[in-house]
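> Got a sequence here, can you build the structure:
(chains A and B)
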Number of protein chains: 2
Amino acid sequence: MKKVVILGAGYGGLMTAVQLQERIAGDEAELILVNKHDYHSLTTWLHEPAAGTLHHDRCRIDIRSLLRTNRTRFVKGVVEAIQPDVSAVRLADGERLEYDYLVVALGSEPETFGIQGLKEHAFSIRSINSVRMIREHIEYMFSRFRNEPHRSDYLTFVVGGAGFTGIEFVGELADRIPGLCREFDVEPSQVKIYNIEAAPTVLPGFDPELTEYAMKVLSEKGVIFRINTPIQECSPEGVVLATGEKIPSSTVVWTGGVRGSSIIEKSGFEVVRGRVKVDHYLRSPGYSNVFVIGDSSVLFDPETGRPYPPTAQIAIQQGIHTATNIKSLLEGGELQAFHPELKGTVASLGKGEAIGMVGQRKLVGSSASKLKKIIDNRYLFTLGGFKLLLQKAKL
Amino acid sequence: MKKVVILGAGYGGLMTAVQLQERIAGDEAELILVNKHDYHSLTTWLHEPAAGTLHHDRCRIDIRSLLRTNRTRFVKGVVEAIQPDVSAVRLADGERLEYDYLVVALGSEPETFGIQGLKEHAFSIRSINSVRMIREHIEYMFSRFRNEPHRSDYLTFVVGGAGFTGIEFVGELADRIPGLCREFDVEPSQVKIYNIEAAPTVLPGFDPELTEYAMKVLSEKGVIFRINTPIQECSPEGVVLATGEKIPSSTVVWTGGVRGSSIIEKSGFEVVRGRVKVDHYLRSPGYSNVFVIGDSSVLFDPETGRPYPPTAQIAIQQGIHTATNIKSLLEGGELQAFHPELKGTVASLGKGEAIGMVGQRKLVGSSASKLKKIIDNRYLFTLGGFKLLLQKAKL
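Here you go, the predicted model:
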């Protein structure tokens, strides 16, 4: 029996497993899914529990509840190294998994671009554990302020990066402030939220009319922007900007960039910013039985010559596609090339507000916000059907 | 019109104000009540919000809601100094209040007995602000542990002092742990609660049979006791005990003792451990128009020659008594000596468990726990009648 090992149960890896287990017969292949936690995180939602506007349990799904145990074996473990030359994977607890086909879907890590102190002193929105800590840290800062009212840095929140995660996080955080102020007896005017972006615009690459709308909505909620302004240094005292401006802050959240999982580079794969440049079958160069999908890989659009963005949407499509391709290989068939179907993009700006592009159509306000929920719920349905939708849907 | 100024709206001061405003005619005297916050704190309940088992809003009462505005003027302010020689009080914002009669009811501050690092690195259970910070700190430590699982100090909680507050706090904290473990994905066995006491027993002065019962109940809940063991030093890394034992901990809560408010000593009153030794009319020596009540004063039992304990029960009785005495002075009458009526004592050990002495009768378990609630509710009724009871009662 052939062995298919899938590393990572994020958007790409879990979708590969769920789709593949439906397509193979019981004696056709053994599926092994490896993940650090026994839950799948809805990573694109994590700005909400980070701000405290949604409970983190709403953003995770028990992996075993999605697996057919007679098809797929789940291994809770941390991948230590991939050994593509001998077609094996080593886990941190010493377990060794051999494979005929490997799917690497290990996601991303924060990229700090060498900015001093950022790695040590900034939080990042990347897991249930990290966002639960951000939420608790924010609350703790509010509680400390009442005991040391001269410490305005306790109530100053700096979000580095105004890409998707940064913009969505400041929107949620601004929504949370009035409730925090009531809980901790703080005047709302004492709270400051800064969003710092090195690029000349928020949401670089997005439609200018929509980014202007986003900045207007968020500014009205109290977010202070510093655009075209790189962060020069981060310390426990706050940040120093390239302009020389110092912002004293006890809470810096870095959302400015991601790179591929460091395990891939350590395992000897050739990478660009931690990502494997895959072919149009999503295979790694040199190892035709190793697929790399989602944020662990980079794929270039043959028409524009530019990489597709590292989004959940593409990771999900790559997962489905890879399941089809592996099924085909198991049957001795041909591989199909991957062509993403870009369905449009929506960025939330907090409760009831969003901006979106669907094809050439621009959406703002409550219609964009509703579309965002539909996209989120659609994923749940694809992954786990009505059962999962009932458990986790956003209403 | 005579001016009566009351400093502090704790158990003693607020009760003086509430009782006095009922007894005087509108043109007889002007009552001024000064307090740092615009709420009264139910200080004896604060171990509960500190542990997170009761919301802090349940433990505070809007002072203005209890005052008759045509009789009593409320001043939100911090007392900076009392000037008894000129019968005036100076507030931090510069306001000066003159008085004919003064009631000093400024409560207590933590007493650290010179133990190194305790003042700087330990929390204390003394106000809404301080307990809200303890609750948030505990949660923050749980959230950090999941990101740094080698830091067992994040899940080690040290409570210094096994008097009333210490014992009641560890009881609540032990009750809270299972919920915190669920919220933060922590194994309950990884959490440690230490209760450290220098005296040879917990609850010094309490009946030995009852203290043994308390230790048994709390040990079963997981509390680890170090009795007869002074703390030698406290640092950000934890505590060192006199035995040489080091307990790494990120959360040290000191409940080991209190002393009178430092304002009293700074104002030139003669004090013992920050407290004014008052006569049996509760007046300060040398100033017959200055009453000092509650934790700001110390009164000796003429029968035993020992001081009465600094409890809410006695502060409340002193407040009622002082209101009567001031009313009498306003009418040119005589002062009555104060004799406390010791109604018994109950210490909570967490949900549904307590120990108590009522006269010579010992109570344990649910009957003691129910008695505790009756005592708490009785105070609410005395202070604010049915209205307050309906708002804040413990059921």
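> where does the stretch 1-150 of chain A have low pLDDT?
Within the stretch 1-150 of chain A, no stretch has pLDDT under 70.
> Tell me if stretch A:157-170 is near chain B.
No - judged by C-beta under 8 Å from any C-beta of the partner chain, stretch A:157-170 makes no contact with chain B; its nearest approach is 15.4 Å. Heads up, the C-betas are built off the backbone N, CA and C, glycines and all.
> Tell me which residues touch residue A:258, please.
The contact partners of residue A:258, by C-beta atoms under 8 Å, 6 or more residues apart in numbering or on different chains, come to A:108-111, A:295, A:310.
> So residue A:363 lies in a helix, does it not?
No - Residue A:363 is assigned strand when assessed by DSSP: H, G, I helix; E, B strand; the rest coil, not a helix.
> so what's it up against?
A:346, A:354-357, A:371.
> The same query, at a cut-off of 7 Å, please.
A:355-356, A:371 (C-beta atoms under 7 Å, 6 or more residues apart in numbering or on different chains).
> Out of those residues, which sit inside strands?
If you go by DSSP state E, those have A:355-356 in strands.
> Make TSV out of the contacts of residue A:363 and add neighbour count.
Shown next, in TSV, are these (neighbours: other C-beta atoms under 10 Å in any protein chain shown):
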residue	neighbour count
A:355	27
A:356	24
A:371	16
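> The contacts of residue A:363 into JSON lines, with extra columns for pLDDT and distance to chain B?
Output for the contacts of residue A:363, formatted as JSON lines (pLDDT from 0 to 100; distance: C-beta to the nearest C-beta, whole Å):
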{"residue": "A:355", "pLDDT": "97", "distance to chain B": "31"}
{"residue": "A:356", "pLDDT": "95", "distance to chain B": "33"}
{"residue": "A:371", "pLDDT": "92", "distance to chain B": "32"}
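> Same list, the contacts of residue A:258, but only the ones touching chain B.
Filtering the contacts of residue A:258 for proximity to chain B (criterion: C-beta under 7 Å from any C-beta of the partner chain) leaves nothing.
> who's in contact with residue A:238?
Taking C-beta under 7 Å, 6+ apart, one finds A:153, A:158, A:246-249 in contact with residue A:238.
> now, which of the residues you listed sits nearest residue A:283?
residue A:158 (40.9 Å; C-beta to C-beta).
> Can you turn the buried part of the contacts of residue A:238 into a ChimeraX selection?
Of the contacts of residue A:238, the buried ones can be selected in ChimeraX as follows, counting by 16 or more other C-beta atoms under 10 Å in any protein chain shown:
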select /A:153,158,247,249
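> now, which of the contacts of residue A:238 lie within helices?
Using DSSP state H, no member of the contacts of residue A:238 falls in helices.
> which of the contacts of residue A:258 has the most neighbours?
residue A:295 (27 neighbours; other C-beta atoms under 10 Å in any protein chain shown).
> and the closest residue to it other than its chain neighbours, what does it touch?
Take residue A:295 and drop its neighbours on the chain: the residue closest to it by C-beta to C-beta, 6 or more residues apart in numbering or on different chains is residue A:108, 3.8 Å away. With C-beta under 7 Å, 6+ apart as the criterion, the residues that contact residue A:108 are A:258-261, A:295, A:310.
> What residues does the stretch 101-250 of chain A have near chain B?
Counting by C-beta under 7 Å from any C-beta, the residues of the stretch 101-250 of chain A near chain B are A:129-130, A:132-133, A:136-137, A:139-140, A:143-144, A:146-147, A:184.
> Narrow the residues you listed to those that are buried.
A:129-130, A:132-133, A:136-137, A:139-140, A:143-144, A:146, A:184.
> I'd assumed residue A:259 was in a strand, is it?
Yes - assessed with three-state DSSP, residue A:259 lies in a strand.
> residues in contact with the closest residue to it other than its chain neighbours?
Using C-beta to C-beta, 6+ apart and skipping the chain neighbours, the partner closest in space to residue A:259 is residue A:274 (3.7 Å). Residues in contact with residue A:274 (C-beta under 7 Å, 6+ apart) are A:109, A:259-262, A:264-265.
> tell me the domain ranges of chain A?
Using automatic domain parsing, the domain parsing of chain A gives A:2-110+A:258-342, A:118-254.
> The shortest one spans what distance, first to last residue?
With C-alpha to C-alpha, to the nearest Å as the measure, the ends of domain A:118-254 fall 8 Å from one another.
> Please apply the same query to the longest one.
Distances were taken as C-alpha to C-alpha; on that basis the terminal residues of domain A:2-110+A:258-342 are 33 Å apart.
> Contact partners for the nearest residue to residue A:21 once chain neighbours are set aside?
Nearest residue to residue A:21, sequence neighbours excluded (C-beta to C-beta, 6+ apart): residue A:71, at 4.0 Å. Residue A:71 is in contact with A:21, A:24, A:26, A:31, counting by C-beta under 7 Å, 6+ apart.
> The first one in helix, strand or coil?
Counting by three-state DSSP, the backbone at residue A:21 sits in helix.
> Check whether it really touches residue A:30, as I assumed.
No - Residue A:21 is beyond contact range of residue A:30, at 10.8 Å (criterion: C-beta atoms under 7 Å).
> In terms of neighbours, single out the busier of these two.
Shown here are residue A:21 and residue A:30; by other C-beta under 10 Å, residue A:21 has more neighbours (21 against 17).
> Residue B:224: which of the contacts of residue A:108 is nearest?
For these, the nearest to residue B:224 is residue A:261 (40.8 Å; C-beta to C-beta).
> what about that closest one, distance to residue A:314?
16 Å (C-beta to C-beta, to the nearest Å).
> show me where chain A has helices.
A:11-23, A:47-51, A:118-121, A:128-145, A:164-184, A:208-220, A:262-266, A:312-330, A:365-392.
> quick one, which of these is packed in tightest?
Looking across the helices of chain A with neighbours counted as mean count of other C-beta atoms under 10 Å in any protein chain shown, the highest average goes to helix A:47-51: a mean of 28.
> what comes into contact with that helix?
By C-beta under 7 Å, 6+ apart, helix A:47-51 touches A:54-56, A:59, A:125, A:131-132, A:134-135, A:165, A:168-169, A:172-173, A:176.
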